[in-house]
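**Student:** give me a model of this one.
(one chain, ligands or ions: 1)
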Amino acid sequence: MSAAQVSKAADPIAALAELVAFPTVSNRPVTDLAAWLAERAESAGMRVERFETSPGKCNVLASAGPQDSDGLLLSGHMDVVPVDGQDWSSDPFVLSEREGRLHGRGSCDMKAFLAAVTCALTELPLRRLDSRLMLAWTHDEEVGCHGSRALVDRLQEQGRDLPSLALIGEPTDFRIFRAHPGHTTMRIRCVGRPCHSARPELGVSAIEVAADVLAGLRRLQAQLALEKPALDPMVLGALAHPYPLINCGRIQGGTAVNILAEHCELLVGVRQLPGQEGEALVRRIAEAAAEAAEPWERQGARVEVQPMHEAPALLTPAGTDLERLLRPHASDPQPGAAPFATDGGNLARMGTRCLVFGAGSIDVAHRPDEYVPVEHLLRMTRMLPEIIRARCVTA
Ligand SMILES: [Zn+2]
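**Tutor:** A predicted model of the protein is given here:
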């Protein structure tokens with residue numbers, strides 16, 4: 001590497017600009033960005049594997065250090081949420097620095113972490129580690145943690161393991177989160193009997209059925225908020241909502257204003273707490289929907305609940321070695337709970353204890369003019385080699 005290449009490799013702002021320029025919205029291919037990350041890891045001296053899930057979709061796993069040793073896993077997702085309909089002040093896929101903030105889609109969620117790790121690699125003796133350092137870059141986290149699920153399935157099939165500790169670099173304003181709810185999604189299909197809207201007694205509107213199903217879900221939500229989940233009180237106290245949240249995020253139905261709709265479909269998510277089964281909550285939602293739709297079913301309507309995906313919740317015990325290493329860098333020494341799901345829920349299936357910690361704020365993620373403060377990005381890039389050395393280099 002020439003001196004110019006070294007300084008470019010170690011400049012996290014330049015790296016973030018390159019990463020933001022890949023428009024890796026979850027419904028689009030991620031392979032170019034994956035190749036970029038793989039190339040950076042390889043040229044830093046890591047062994048890199050690509051796990052293709054489907055055309056255009058792959059996960060990247062990089063490792064350095066003795067294969068049979070424990071160490072540290074750093075993980076982040078490569079996909080970003082869409083920008084459709086959002087009012088941006090500048091091109092979302094061109095990183096723009098204004099008043100100490102780096103704006104761009106994915107700048108904070110979570111390409112800042114990818115940039116910081118990429119640059120931190122150049123500071124480390126990767127060919128002489130005493131313990132294993134691994135990187136897991138995943139696809140489609142934003143739409144249900146699909147990439148990490150596929151990666152974990154594949155590693156389990158191959159009988160492989162991961163380091164016992166993992167840092168998930170999601171934006172947390174440098175707070176340490178050791179727990180978060182999961183997210184379980186389902187499709188609720190309401191089927192009515194179409195007819196002319198001038199003769200409503202001849203049919204059933206699927207939209208009316210769906211309206212009652214939604215009212216039933218609202219009643220279930222109120223009931224869930226009163227239930228006391230069996231969970232570590234510290235974690236429960238740290239959750240913004242100490243009960244599962246239900247949301248209908250999309251509704252689609254009907255064909256014309258003068259027809260009673262035959263179909264109406266709801267996409268519903270429920271955020272199960274650690275220790276709760278997503279499946280059990282899907283069953284309760286199905287019961288609430290069936291009860292709400294019962295009068296319509298007697299008139300020939302039908303309601304079906306089809307489970308889609310489950311991103312598991314996360315609960316890491318307090319006091320891990322990684323928590324100790326992060327604490328001096330944290331904005332709050334007391335670990336808390338994140339309100340959002342991460343790949344950590346799937347990675348924990350490998351027995352890996354995950355903490356969520358990173359630059360930027362989730363409050364500006366997914367929004368127009370998303371940004372990461374320059375100072376946060378630089379701070380993350382500076383602290384990573386120190387944390388990795390403490391875990392992976394005995395000296
Ligand atoms: Zn994220």
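
**Student:** drop to CA atoms for contacts and neighbour counts, all remaining ones
**Tutor:** Fine.

**Student:** burial of the nearest residue to residue 70 once chain neighbours are set aside, as a residue count?
**Tutor:** Closest residue to residue 70 apart from its sequence neighbours, by C-alpha to C-alpha, 6 or more residues apart in numbering: residue 163 at 5.0 Å. As a burial measure, residue 163 scores 21 neighbours (other C-alpha atoms under 10 Å).

**Student:** what does the helix or strand harbouring residue 61 rub up against?
**Tutor:** In this assignment (DSSP states H and E), residue 61 forms part of strand 57-64. Strand 57-64 is contacted from outside by 29-31, 34, 37-38, 41-42, 45-53, 126-127, 129, 132-139, 147-148, 151, using C-alpha atoms under 8 Å, 6 or more residues apart in numbering.

**Student:** can you read off the pLDDT for residue 394?
**Tutor:** For residue 394, the pLDDT comes out at 87.

**Student:** pretty sure the residue nearest to residue 70 sits against residue 68.
**Tutor:** No - Residue 163 is beyond contact range of residue 68, at 9.5 Å (criterion: C-alpha atoms under 8 Å).

**Student:** any shared contact partners between these two?
**Tutor:** Jointly contacting residue 163 and residue 68 under the rule C-alpha under 8 Å, 6+ apart are residue 132.

**Student:** re the thing from before, sheet partners, orientation included, of the strand holding residue 61?
**Tutor:** Strand pairing for strand 57-64, using DSSP bridges, gives strand 47-54 (antiparallel), strand 132-138 (antiparallel).

**Student:** how about residue 247, phi and psi?
**Tutor:** phi -140, psi 130 (degrees, to the nearest 10).

**Student:** any idea what it is bridged to?
**Tutor:** On the basis of DSSP bridges, residue 247 is bridged to residue 269.

**Student:** which residues touch it?
**Tutor:** Applying C-alpha under 8 Å, 6+ apart, we find residue 247 in contact with 268, 269, 270.

**Student:** can you report phi and psi for residue 334?
**Tutor:** Per-residue torsions, residue 334: phi -90, psi 120 (degrees, to the nearest 10).

**Student:** neighbours of it, how many?
**Tutor:** Around residue 334 there are 12 residues (other C-alpha under 10 Å).

**Student:** turn the strands paired with strand 57-64 into JSON lines, columns for mean neighbour count and mean pLDDT.
**Tutor:** Converted to JSON lines, the strands paired with strand 57-64 look like this (neighbours: other C-alpha atoms under 10 Å; pLDDT from 0 to 100):
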{"stretch": "strand 47-54", "mean neighbour count": "15", "mean pLDDT": "97"}
{"stretch": "strand 132-138", "mean neighbour count": "25", "mean pLDDT": "98"}
